[in-house]
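1. Quick check, what structure comes out for this input:
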Amino acid sequence: MRGPALALLELESIARGFTTADVLLKRADVTLALAEPTTPGKFVLLFFGEIADVEESFQAAVEHAGALLLDKLYLPGPSDQLLRALEGTLGAKDSESLGIVETHTVASALLAADAALKAADVWLTTLHLAKGIGGKGYFTLAGALHMVEAALEAAGAAIAPPLLLTTECIARPHAALRSRA
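-> Modelled structure (predicted):
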């Protein structure tokens, strides 16, 4: 099977996080988007590439992480916008409305963002994962009000209720806020 995929692992050990990153990078041709310690003393690995390569690296990494693995996500066929965000390219910030999704985990933020982007014609304007926010994740979306509302609904439906902290929608956000979100 061809096409893009992404994967995430959250480990309890920083040291095991580094060795797991080495294992997954040596296993197949994948791009490491995130490999760093996060609060409170965990390690997050996020990588992407072709489906077969990601799946092979993911399986090897999960096996290597062992009992120190806290959470994992394998997502074949993610939204193109989500992949571009992981490469550092985000959408336009000037829009009719702004949606914000905050989750308790990095994996749930990625799942919710993917669902939102596939459900409605919106732009991903911010994607913040783990660092400096206690291991949580959040993202912002911009677009027409009805599209942002549909995207927020899809994001909330994509993950288990305890993982979703909140979704918020701001119609006609102030220009000073748009430049920060």
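2. Return the residues in contact with the most centrally placed residue in the chain.
-> When the chain is reduced to its mean C-alpha position, the closest residue under CA atoms, centre = their mean turns out to be Leu110, at 2.8 Å. Taking CB atoms under 8 Å, 6 or more residues apart in numbering as the definition of contact, the neighbours of Leu110 are 6, 8, 46, 73, 75, 78, 82, 129, 137. Every residue, glycine included, has its C-beta placed from N, CA and C.
3. Buried residues in the one helix or strand Arg16 maps to, which are they?
-> Arg16 is part of helix 14-27 when elements are defined by DSSP states H and E. Taking 16 or more other CB atoms under 10 Å as the basis for neighbour counts, the residues of helix 14-27 that come out buried are 16-18, 20-21, 23-25, 27.
4. again, but for stretch 34-46
-> Along stretch 34-46, these residues count as buried under the neighbour rule (16+ other CB under 10 Å): 34-38, 42-46.
5. what comes up buried for the helix or strand bottoming out on mean pLDDT in the chain?
-> Every helix and strand in the chain was compared by mean pLDDT, DSSP states H and E; the lowest is helix 175-178, with a mean of 78. Buried residues in helix 175-178, defined by neighbour count with 16+ other CB under 10 Å: Arg178.
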